[in-house]
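In: Everything below, folded, please.
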Amino acid sequence: MKHKSYLGVDANDLQRQIHDSQEQLFRLRFQMGMGQHEGLTKYRALKKDRARMLTALRAKEIGGETIVPLVKAAPVAPKATTKREGLRGLFRRKQK
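Out: Coordinates of the predicted model:
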């Protein structure tokens, strides 16, 4: 598919297609690692299509279209302010 054809697709559908293509890329990479090299041209074409989809999604985002992420990010634990505080739990001695 060409880049201009992705511009007519809804942002949510585009995100779903990007997610599906990422899964397909993973499977193809795994198959090629196992020695099945038939999927090399398909892998390259899929990477290019995914890049086109991401470009179209970014253009929609810049254009002001509201884009809701498909997967919510997991909560991140607060980081230690200093290296010493981060390592304190690793090297703490047991109190008797």
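In: Need the three-state assignment for the closest residue to Ala11 other than its chain neighbours.
Out: Nearest residue to Ala11, sequence neighbours excluded (Cβ to Cβ, 6 or more residues apart in numbering): Ile67, at 4.8 Å. Every C-beta, even on glycine, is put in place using the N, C-alpha and C of the backbone. Using DSSP: H, G, I helix; E, B strand; the rest coil, the structure places Ile67 in coil.
In: you'd agree Ile67 is up against Asp10?
Out: No: when contacts are counted by Cβ atoms under 8 Å, Ile67 is not listed as touching Asp10 (10.2 Å).
In: what's the residue nearest to Ala11 in contact with, if anything?
Out: 11, 15, 57, 60-61 (Cβ atoms under 8 Å, 6 or more residues apart in numbering).
In: In PyMOL, how would I select the buried members of those?
Out: Of the contacts of Ile67, the buried ones go into a single PyMOL selection, burial set by 16 or more other Cβ atoms under 10 Å:
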select buried, resi 15+57+60
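In: which other helices and strands contact the helix or strand containing Gln15?
Out: Remark: Gln15 resides in helix 11-33, with elements defined by DSSP states H and E. In terms of contact count using 3 or more Cβ pairs under 8 Å, 6 or more residues apart in numbering; DSSP states H and E, helix 11-33 is assigned the packing partners helix 40-62.
In: helices or strands up against the helix it packs on?
Out: In terms of contacts (3+ Cβ pairs under 8 Å, 6+ apart), helix 40-62 is packed against helix 3-7, helix 11-33.
In: Where in the chain is the helix or strand with the lowest mean pLDDT?
Out: Ranked by mean pLDDT, DSSP states H and E, the weakest helix or strand in the chain is helix 83-88, scoring a mean of 58.
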